[in-house]
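1. no FASTA, just this:
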């Protein structure tokens, strides 16, 4: 795994240098295009594109956006309403969000071209490419706690638990998020395998909860003895007063992981893709990320940013043959 960690260091050192320049170049390009944009690309205090008249909106196709399940549907739908209104005003067209039942359904939508954009996990994005989806990463959220487009996976236990290390998980009940979740399963799995631990063989029970909130809820209600999540979700969960520093603790955390990308279909016009980039980069301060994690805006990303995750998938023999 040394090359995996080295790749992360190169990625995030380079990212700090490249992202600002990419945003500046994007601002200049959009300003020169003259496609009805306001020209205000910095600050993000208001949408970059004025809302089109209703008659114009009716002549444009509806942009369909798929979202991974991140927390309870009611909360996530409420978050999406605000961002839906912002995107519709920015793009001058109707935008429809839909929450996938699971990670695989989100990939199915992309492969079948049922959505134009999708919020994916890093590994799920690469899985979509394996299956032949014609997509590219557009932007990724900046983690509020790291100030960078990366985050960390973690495993959480109750404060009074005898579990101190990953080795102590043997014989215990453990909740993961989804088999396609980078932070909620694949990153912990790599570390467990390095210790010779096979979850299917060595754990008393393995639960795939479906999203990060449900994984942590399983720990809260005593269904499991440990839960996998990511640190951003854990810190967000603490605000509910259920999992707090007093009654829970982290026994393991991962190396940095590139932030989950928002991917876009390459079928969309270059003009619309540029408008989408500008809309995300100019998201108003304080607008909550619809996955429920606390972010500090968005940054441009490219396929090469996810090379460390592809290496992780190779190490776990998860690379599949593209669909024909």
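-> Ah, there it is. Predicted model, so just to flag it, every value in this text is computed and none were measured. Residues are numbered from 1 along each chain as shown.
2. can you give me the pLDDT of the residue nearest the centre of the chain?
-> Central residue of the chain (Cα atoms, centre = their mean): residue 260, 2.9 Å from the mean position. You'll see residue 260 listed with a pLDDT of 91.
3. same check on residue 45?
-> Predicted confidence (pLDDT) for residue 45: 34.
4. checking the nearest residue to residue 71 once chain neighbours are set aside next. Helix, strand or coil?
-> Distances taken as Cβ to Cβ, 6 or more residues apart in numbering put residue 213 closest to residue 71, at 3.9 Å, once the chain neighbours are dropped. Where you see a C-beta, it was placed from the backbone N, CA and C, and this is true even at glycine. Applying DSSP: H, G, I helix; E, B strand; the rest coil to residue 213 yields a three-state assignment of helix.
5. adjust the sequence numbering to begin at 724 for everything that follows.
-> New numbering, starting at 724: the last item is residue 936.
6. count of neighbours near residue 936?
-> When counting by other Cβ atoms under 10 Å, one arrives at 22 neighbours for residue 936.
7. wait, doesn't residue 856 sit right on residue 834?
-> Yes - assessed by Cβ atoms under 8 Å, residue 856 is found in contact with residue 834 at 4.9 Å.
8. between these two, which one's more packed in?
-> Between residue 856 and residue 834, residue 856 has the larger neighbour count (other Cβ under 10 Å), namely 24 against 15.
9. ok, now which ones touch that one?
-> 830, 833-834 (Cβ atoms under 8 Å, 6 or more residues apart in numbering).
10. so where do the helices sit in the stretch 724-873 of the chain?
-> Taking DSSP state H, counting those that start in this stretch, the helices of the stretch 724-873 of the chain run over residues 725-756, 777-781, 796-814, 826-834, 845-853.
11. how far away is the closest residue to residue 900 other than its chain neighbours from residue 1002?
-> Nearest non-adjacent residue to residue 900, counting by Cβ to Cβ, 6+ apart: residue 907, 2.5 Å away. To residue 1002, residue 907 is 28 Å away according to Cβ to Cβ, to the nearest Å.
12. cool, residue 935 as well?
-> In terms of Cβ to Cβ, residue 935 sits 26 Å off from residue 1002.
13. show me the shaky parts of this protein.
-> 724-781, 1015-1017, 1043-1047 (pLDDT under 70).
14. all strands of it, in order?
-> Assigned by DSSP state E, the chain shows strands spanning 786-790, 818-822, 840-842, 858-866, 873-874, 876-881, 896-899, 928-931, 949-953, 971-976, 980-981, 985-988, 1018-1023.
15. quick one: which of the ones you listed is nearest residue 1037?
-> Evaluated over those, closeness to residue 1037 peaks at strand 980-981, with 15.6 Å, by Cβ to Cβ.
16. sounds good, over and out.
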